[in-house]
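Okay, here's the prediction I keep looking at, along with the sequence it came from:
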Amino acid sequence: MNARKVIIDCDPGIDDVLALMLALRSPEMEVLGVTTVCGNVPAAQGGENALKTLEFLKRLDVPVYLGEARPLRRAYVDATDTHGADGLGESFLPNVEKVRPKEGAVDFLAETLKREKQVSIIALGPLTNIARLIECHPEALYSLDELISMGGSYKSHGNCSPVAEYNYWCDPDAAKAVYEAFDRHPALREKQVHMVGLDVTREILLTPNLVEYMCCLSREIGAFIRKITRFYFDFHWKQEGVIGCVINDPLAVAYFIDRSLCDGIDAYTQVETEGNSFGQTLADPYGIWKKEKNSHILTKTDPMKFMEFFITRVFGVPASQVRPILRQIMVENAGKLVWAQKEASLFDEGEGGAEE
Ligand code: BDR
Ligand code: CA
């Protein structure tokens with residue numbers, strides 16, 4: 001199999017760690033490195049968390065580089081309320097001492113792109129490193145294969161303001177610069193940002209019964225996931241009235257490997273940087289602005305198919321074994337299997353929902 005070369009740019013972060021686990025257990029991709037950016041936690045803490053994950057996966061051969069310590073223009077606001085003081089759900093796992101993160105994520109991105117040619121970037125945090133790459137090393141962009149970005153939202157509501165998703169809200173100027181580059185830069189004009197936003201990631205729920213199932217499949221991996229997600233569960237209960245937690249980032253990795261997991265639309269997209277709506281993605285799929293479509297926005301996904309994809313890879317079990325268990329814990333809604341817990345969420349409209 002010809003594995004596609006990838007750099008994972010992230011802000012680990014609980015769901016970033018789950019995404020790294022999925023990536024490193026997927027033979028279709030060769031992870032050339034992990035770069036961190038300030039987001040859920042400062043870039044340096046993200047570097048420690050990336051190394052903790054790589055050590056757990058016995059993949060300390062993958063280099064970790066520290067990136068931008070603050071957003072392009074705005075003051076930095078972390079997301080430790082969601083991910084815990086250490087970014088890993090206050091699991092306080094010990095730092096890895098035998099390998100340390102290196103400085104210079106943006107230079108690493110540029111050098112690796114130029115050397116390897118045809119490298120994709122999966123960005124799971126604010127787009128600050130990518131904006132700096134575009135600004136400082138425009139020649140490297142000719143080697144970019146695809147950019148997959150977890151961020152933004154099309155029709156779904158925001159998670160940091162009524163309209164903005166965290167990664168783009170944290171550094172809206174970077175997100176804006178990246179989408180503009182895919183409109184204007186000669187190396188990127190023909191390409192699109194693959195926007196894996198809240199419209200699809202909100203559908204991916206890790207529930208307590210799934211975690212229990214994971215513990216049955218592997219005591220070690222299950223315990224690791226349980227340890228880092230407990231805090232995230234509590235946050236979701238308080239914030240959204242849902243039992244379980246939304247895991248956004250692994251869907252971006254899964255989509256990179258298997259396009260059949262999601263559907264989407266092409267659109268010209270801009271990111272708002274001012275006023276109450278900063279961080280909002282303004283998408284124009286109908287061509288009202290008569291602009292070239294610089295993004296592919298994911299609008300639909302199949303949560304059951306994703307979870308089967310995740311579990312079979314991370315736990316090395318066949319789909320035939322996973323499917324019946326998923327069927328036990330999902331309910332049908334409009335012909336699609338979704339999480340029972342999500343249907344009962346206090347946050348959703350309708351029965352049991354916020355509108356009641
Ligand atoms: C995104 O923000 C972070 O908190 C998550 O890691 C994810 O990348 C979701 O809005
Ligand atoms: Ca993230």
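All right, it came through fine. Ligands and ions are numbered 1, 2, ... in the order given.

Helices along the stretch 151-300 of the chain, start to end?
166-170, 172-184, 198-201, 208-217, 219-240, 249-257 (DSSP state H, counting those that start in this stretch).

between these, which one is nearest to D16?
Closest approach to D16 among the helices of the stretch 151-300 of the chain is made by helix 249-257 (5.0 Å; C-beta to C-beta). For glycine as for every other residue, the C-beta is placed from the backbone atoms N, C-alpha and C.

What is the closest one packed up against?
In terms of contacts (3 or more C-beta pairs under 8 Å, 6 or more residues apart in numbering; DSSP states H and E), helix 249-257 is packed against strand 4-10, helix 14-24, strand 29-36, strand 119-123, strand 144-150, strand 193-196, helix 198-201, helix 303-315.

As a markdown table, the ones you listed with mean neighbour count and mean pLDDT would be great.
Below are the helices and strands packed on helix 249-257 laid out as a markdown table (neighbours: other C-beta atoms under 10 Å; pLDDT from 0 to 100):
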| stretch | mean neighbour count | mean pLDDT |
| --- | --- | --- |
| strand 4-10 | 25 | 98 |
| helix 14-24 | 27 | 98 |
| strand 29-36 | 24 | 98 |
| strand 119-123 | 24 | 98 |
| strand 144-150 | 22 | 98 |
| strand 193-196 | 28 | 98 |
| helix 198-201 | 25 | 97 |
| helix 303-315 | 21 | 96 |
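
CSV for these, including distance to G264?
CSV is the format used below for the helices and strands packed on helix 249-257 (distance: least, C-beta to C-beta, whole Å):
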stretch, distance to G264
strand 4-10, 19
helix 14-24, 19
strand 29-36, 20
strand 119-123, 16
strand 144-150, 12
strand 193-196, 8
helix 198-201, 8
helix 303-315, 15
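
closest to ligand 2 out of these?
Among the helices and strands packed on helix 249-257, the nearest to ligand 2 by C-beta to the ion is helix 14-24 (4.3 Å).

got the angle between that closest one and helix 219-240?
On the basis of axes from the mean of the first three to the mean of the last three C-alpha atoms, to 10 degrees, helix 14-24 is oriented at 140 degrees to helix 219-240.

pretty sure G84 is touching E90, no?
Yes - using C-beta atoms under 8 Å, G84 makes contact with E90 at a distance of 3.8 Å.

Looking at those two, which has the bigger crowd around it?
Counted by other C-beta atoms under 10 Å, G84 and E90 do not tie: G84 has more neighbours, with 23 against 15.

residues contacting the more buried one?
14, 90-91, 231-232 (C-beta atoms under 8 Å, 6 or more residues apart in numbering).

Could you list which residues are in contact with S91?
By C-beta under 8 Å, 6+ apart, S91 lies in contact with 84, 227-228, 231.

same check, this time on K176
So K176 contacts 270-273 (C-beta under 8 Å, 6+ apart).

Contact residues of the chain facing ligand 1?
Counting by C-beta under 6 Å from any ligand atom, the residues of the chain close to ligand 1 are 13, 15-16, 40, 79, 82, 124-125, 150, 159, 165-167, 248-249.

and ligand 2, which of these contact it?
Among the residues of the chain next to ligand 1, proximity to ligand 2 is found for 13, 16, 124-125, 249 (C-beta under 5 Å from the ion).

Just name the closest of these to P71, please.
G125 (10.9 Å).

The closest one contacts N167, correct?
Yes - counting by C-beta under 8 Å, G125 touches N167, with 5.8 Å between them.

next one: phi and psi at S161?
According to degrees, to the nearest 10, the main-chain angles of S161 amount to phi -150, psi 170.

wait, what's in contact with it?
Going by C-beta under 8 Å, 6+ apart, S161 touches 169, 276-280.

Widest-spaced pair of the residues you listed?
Applying C-beta to C-beta across those, the maximum distance is between W169 and N276, 11.4 Å.

that older thread, from the contacts of S161, which would you call buried?
Among those, those scoring as buried are 169, 277-280 (criterion: 16 or more other C-beta atoms under 10 Å).

Just the closest of the residues you listed to ligand 2, please.
Of all the buried ones among the contacts of S161, W169 has the smallest distance to ligand 2: 12.4 Å, by C-beta to the ion.

residues contacting the closest residue in space to the closest one that isn't next to it in sequence?
Leaving out its chain neighbours, the residue that sits closest to W169 by C-beta to C-beta, 6 or more residues apart in numbering is G279, at 3.2 Å. G279 sits next to 158, 160-161, 163-165, 168-170, 172, 175, 271-273 when contact means C-beta under 8 Å, 6+ apart.

Distance from the helix or strand harbouring N129 to the middle of the chain?
Here N129 sits within helix 128-136, counting by DSSP states H and E. Between the centre of helix 128-136 and the centre of its chain there are 18 Å (C-alpha atoms, centre = their mean, to the nearest Å).

Now do that helix: which elements does it pack against?
Where contact means 3+ C-beta pairs under 8 Å, 6+ apart, helix 128-136 is packed against helix 105-116, strand 119-123, helix 172-184.

Would the second one count as contacting ligand 2?
No - contact of strand 119-123 with ligand 2 (C-beta under 5 Å from the ion) is absent, the minimum separation being 8.8 Å.

What are the contacting residues of that strand?
4-10, 19, 23, 32, 109, 112-113, 129-130, 143-151, 167, 252-253, 256.

picking that back up, for ligand 2, state which of the contacts of G84 is nearest.
Closest to ligand 2 out of the contacts of G84 is I14 (8.6 Å), distances taken as C-beta to the ion.
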